[in-house]
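Enquirer: 3D, please:
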Amino acid sequence: MDGPSPFRAQAVSIGYGGKGAGRSTRNGIMRNGKDINGLILLACMALWPLPCQAEAPVKSALQARMGAPFLDNAVLQQQIPLAIWGATESEAKVSLVFMGKGKTTTALKDGSWRVVLDAMPAERLKSVNDTPDGATMTVTCKKNGLESVKTIRNLILGDVWLCAGQSNMAGAIRTNRSGHFPEDTVEKANYPALRQFQPGDAAWVACSPDTAPVFKRTAFFFARRLQQDALVPIGIIATAVGGSNIDSWLNQEPYPIGANYSTLVAPLVGYGLRGAIWYQGESNENDRRGYQPKLESLITGWRKAWNQGDFPVHFVQLPGIGSSSLENPAGGDGRAEIRQAYFEALALKNTGMAVTIDVGAPGEHPPNKYDTGERLARSVLQKAYGFDDLTTSPLYTKHAIEGAAIRVSFDNAPGGLMVARKEGFLPPVPTPDAAIQWLSIQSKDGAWHWADGKIDGSELIVSNKNVSEPIAVRYAYTQHPNGNLLYNKDGQPVGPFSTIGYGPELEAGKK
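Expert: Take a look at the predicted model:
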């Protein structure tokens with residue numbers, strides 16, 4: 001038997017009891033003063049075709065049952081030891097065969113079993129339209145002269161990405177979303193090696209023009225671009241929930257274990273991953289800088305649960321929403337600080353960020369998820385797949401005060417910076433004669449002023465003729481920066497920045 005039972009671990013994470021309204025605790029989850037652990041238990045049973053109670057025996061006759069998401073059409077993670085688990089009758093003998101490799105074990109008293117196959121490589125695709133040969137996995141359970149065989153068909157090896165968050169990650173392509181993606185998206189969606197799984201689904205779905213509408217937009221455009229460049233089968237596991245806050249996805253101290261983690265993530269723990277993408281934060285807007293420790297807890301907590309090392313986690317820095325005032329050069333309003341929290345989270349190893357300030361909208365759900373997915377993919381391709389020729393959004397790295405001006409330096413701008421304006425799905429159009437909007441400078445007395453910016457290759461020189469002793473610069477540090485913005489020559493937007501971080505009050509220990 002390889003390792004502890006994943007079913008026992010999952011049962012512990014759900015728990016029972018707990019009191020209080022509208023909160024989750026390590027021992028239980030309450031809503032409006034009522035215990036909803038029963039609902040969570042039912043959800044767990046629906047997601048996980050196995051007993052959620054650790055010691056509950058398999059009541060039916062001998063049968064081979066698989067843990068989610070080991071289903072037809074699945075994508076299994078290549079190049080890592082492949083953990084596979086399921087359940088059967090107590091102490092039955094279990095034999096598994098896949099692609100010429102086999103393992104045997106004995107089920108525990110609660111019926112759970114787990115084996116680990118040696119790492120296997122994926123077959124490189126010729127194109128995104130290539131149809132890889134699927135393989136069959138056979139699981140045979142034997143006890144007291146009885147035998148049960150479970151067959152899972154059309155399995156492929158590739159890279160699996162967990163796609164989590166709230167509604168902007170959960171939204172599907174569908175067919176009634178004119179203007180939400182390039183017009184030929186669905187018609188061209190013949191990608192047999194791109195597959196999606198959602199907890200509760202009966203199988204993985206291979207992408208075709210018929211099935212594309214059920215794919216999650218952000219995850220789809222991310223995976224499609226990833227597959228286009230890496231030419232490897234891609235599996236996306238969609239676990240997003242509209243309106244959810246990050247707290248509901250956490251799994252380690254000092255935060256309570258969240259309900260969405262317990263019901264949607266924990267049943268997947270151990271299923272081999274290449275990495276995860278995260279698009280959430282709208283429901284935590286008021287956390288502002290307090291979002292950063294929660295995001296760090298989510299990343300480190302999920303990595304600990306999987307015990308698969310520091311796998312890549314890349315996230316979306318929230319786009320603009322509503323409008324911003326031209327009377328506030330200091331910025332800091334709306335989502336400015338939560339975007340800074342994302343930037344601060346990049347200090348964690350193997351993380352990346354998609355900047356989306358230029359694809360925002362007045363409402364909470366910007367239609368354009370095409371650019372969001374593409375930028376996530378570029379970040380992953382550059383940092384996790386070694387595509388060094390790709391640039392991502394230039395981010396602030398350092399600054400130097402040069403008399404009455406401040407010189408700001410960025411990464412990811414080898415060809416230099418430009419001023420441009422973006423509309424729809426088209427690349428940003430250069431506007432070299434336009435002033436850079438949402439650029440401000442702070443004088444020695446602490447006052448902020450709108451500033452002029454001069455591009456010098458991959459650097460920006462910021463000044464204001466009325467400020468002789470500048471001390472700091474901010475750019476796009478507001479609720480909804482739009483208009484003539486900064487990009488690199490590849491059309492990737494410069495990320496919002498503040499050369500003093502959240503501000504001097506942080507250094508003084510104030511919140």
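Enquirer: strands along the stretch 201-350 of the chain, start to end?
Expert: Shown for the stretch 201-350 of the chain, the strands assigned by DSSP state E, counting those that start in this stretch span residues 205-207, 234-238, 275-279, 313-317.
Enquirer: where along the stretch 251-400 of the chain do the helices fall?
Expert: 259-260, 291-306, 336-345, 370-383 (DSSP state H, counting those that start in this stretch).
Enquirer: Ala336 versus the closest residue to Lys143 other than its chain neighbours, what's the distance?
Expert: Nearest non-adjacent residue to Lys143, counting by C-beta to C-beta, 6 or more residues apart in numbering: Ala92, 3.9 Å away. The C-beta positions use only the backbone N, C-alpha and C, and glycine is treated the same way. Distance from Ala92 to Ala336, counting by C-beta to C-beta, to the nearest Å: 58 Å.
Enquirer: what about Gln442, how many residues nearby?
Expert: Counted with other C-beta atoms under 10 Å, residues neighbouring Gln442 total 26.
Enquirer: ah, wrong one, I meant Ser283
Expert: 18.
Enquirer: do I have it right that it meets Gln166?
Expert: Yes - at 6.0 Å, Ser283 counts as touching Gln166 under the criterion of C-beta atoms under 8 Å.
Enquirer: picking up where we left off before, ok, the residue nearest to Lys143 - contacts?
Expert: Shown in contact with Ala92 (C-beta atoms under 8 Å, 6 or more residues apart in numbering): 62, 106-107, 111, 141-143.
Enquirer: residue ranges with poor pLDDT in the chain?
Expert: Along the chain, the parts satisfying pLDDT under 70 run over 1-61, 504-511.
Enquirer: domains for it, by residue range?
Expert: In the domain annotation for the chain, the residue ranges read 157-383, 396-507 (automatic domain parsing).
Enquirer: may I see these organised as a markdown table, with distance to Asn129 added?
Expert: Shown next, in a markdown table, are those (distance: least, C-beta to C-beta, whole Å):
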| stretch | distance to Asn129 |
| --- | --- |
| domain 157-383 | 5 |
| domain 396-507 | 22 |
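Enquirer: nearest to Lys126, out of the ones you listed?
Expert: Nearest to Lys126 among the domains of the chain is domain 157-383; the distance by C-beta to C-beta comes to 7.5 Å.
Enquirer: starting at the chain centroid, how far to the closest one?
Expert: Mean C-alpha position of domain 157-383 versus that of the full chain (C-alpha atoms, centre = their mean, to the nearest Å) differs by 3 Å.
Enquirer: end to end on it, go ahead and measure it.
Expert: 22 Å (C-alpha to C-alpha, to the nearest Å).
Enquirer: do stretch 316-330 as well
Expert: Stretch 316-330: ends 24 Å apart by C-alpha to C-alpha.
Enquirer: and what of stretch 273-285?
Expert: Counting by C-alpha to C-alpha, you get 29 Å between the two ends of stretch 273-285.
Enquirer: quick check: phi and psi on Tyr487?
Expert: Tyr487 adopts backbone torsions of phi -140, psi 160, taken as degrees, to the nearest 10.
Enquirer: how about the one 5 residues further on?
Expert: With angles defined as degrees, to the nearest 10, Gln492 sits at phi -100, psi 130.
Enquirer: closest one to Leu486 among the strands of the stretch 201-350 of the chain?
Expert: Of all the strands of the stretch 201-350 of the chain, strand 313-317 sits nearest to Leu486, with 14.7 Å by C-beta to C-beta.
Enquirer: quick one: buried residues of that closest one?
Expert: 313-317 (16 or more other C-beta atoms under 10 Å).
Enquirer: and it with helix 370-383, angle?
Expert: Angle, strand 313-317 to helix 370-383, by axes from the mean of the first three to the mean of the last three C-alpha atoms, to 10 degrees: 140 degrees.
Enquirer: strand 313-317 pairs with which strands, parallel or anti?
Expert: strand 275-279 (parallel), strand 351-355 (parallel) (DSSP bridges).
Enquirer: common neighbours of Ser283 and Gln166, please.
Expert: Common neighbours of Ser283 and Gln166 (C-beta under 8 Å, 6+ apart) are 243-245.
Enquirer: of these, keep whichever come out buried.
Expert: 244-245.
Enquirer: and the shared contacts of Ser283 and Gln166, which is closest to Asn73?
Expert: Ser244 (27.2 Å).
Enquirer: quick check: the closest one touching Gln166?
Expert: Yes - judged on C-beta under 8 Å, Ser244 makes contact with Gln166 at a distance of 4.8 Å.
Enquirer: need the residues touching each of these two.
Expert: Common neighbours of Ser244 and Gln166 are listed as 280, 283 (criterion: C-beta under 8 Å, 6+ apart).
Enquirer: just the strands in the stretch 1-150 of the chain please.
Expert: 23-24, 29-31, 34-35, 65-66, 75-77, 82-87, 93-98, 101-106, 112-117, 135-143, 146-165.
Enquirer: save those as JSON lines, and put in distance to Ile237 and mean neighbour count too.
Expert: Converted to JSON lines, the strands of the stretch 1-150 of the chain look like this (distance: least, C-beta to C-beta, whole Å; neighbours: other C-beta atoms under 10 Å):
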{"stretch": "strand 23-24", "distance to Ile237": "22", "mean neighbour count": "19"}
{"stretch": "strand 29-31", "distance to Ile237": "23", "mean neighbour count": "19"}
{"stretch": "strand 34-35", "distance to Ile237": "29", "mean neighbour count": "12"}
{"stretch": "strand 65-66", "distance to Ile237": "16", "mean neighbour count": "20"}
{"stretch": "strand 75-77", "distance to Ile237": "9", "mean neighbour count": "26"}
{"stretch": "strand 82-87", "distance to Ile237": "15", "mean neighbour count": "24"}
{"stretch": "strand 93-98", "distance to Ile237": "20", "mean neighbour count": "19"}
{"stretch": "strand 101-106", "distance to Ile237": "23", "mean neighbour count": "14"}
{"stretch": "strand 112-117", "distance to Ile237": "19", "mean neighbour count": "22"}
{"stretch": "strand 135-143", "distance to Ile237": "18", "mean neighbour count": "18"}
{"stretch": "strand 146-165", "distance to Ile237": "5", "mean neighbour count": "20"}
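Enquirer: and those: which comes nearest Thr175?
Expert: Of the strands of the stretch 1-150 of the chain, nearest to Thr175 by C-beta to C-beta is strand 146-165, at 20.8 Å.
Enquirer: what packs against the helix or strand following the closest one?
Expert: Counting by DSSP states H and E, the next helix or strand C-terminal to strand 146-165 is helix 167-170. Helix 167-170 is packed against helix 217-230, strand 275-279, with contacts defined by 3 or more C-beta pairs under 8 Å, 6 or more residues apart in numbering; DSSP states H and E.
Enquirer: so which of these comes closest to Thr499?
Expert: Counting by C-beta to C-beta, and looking across all of those, nearest comes strand 275-279 at 26.4 Å.
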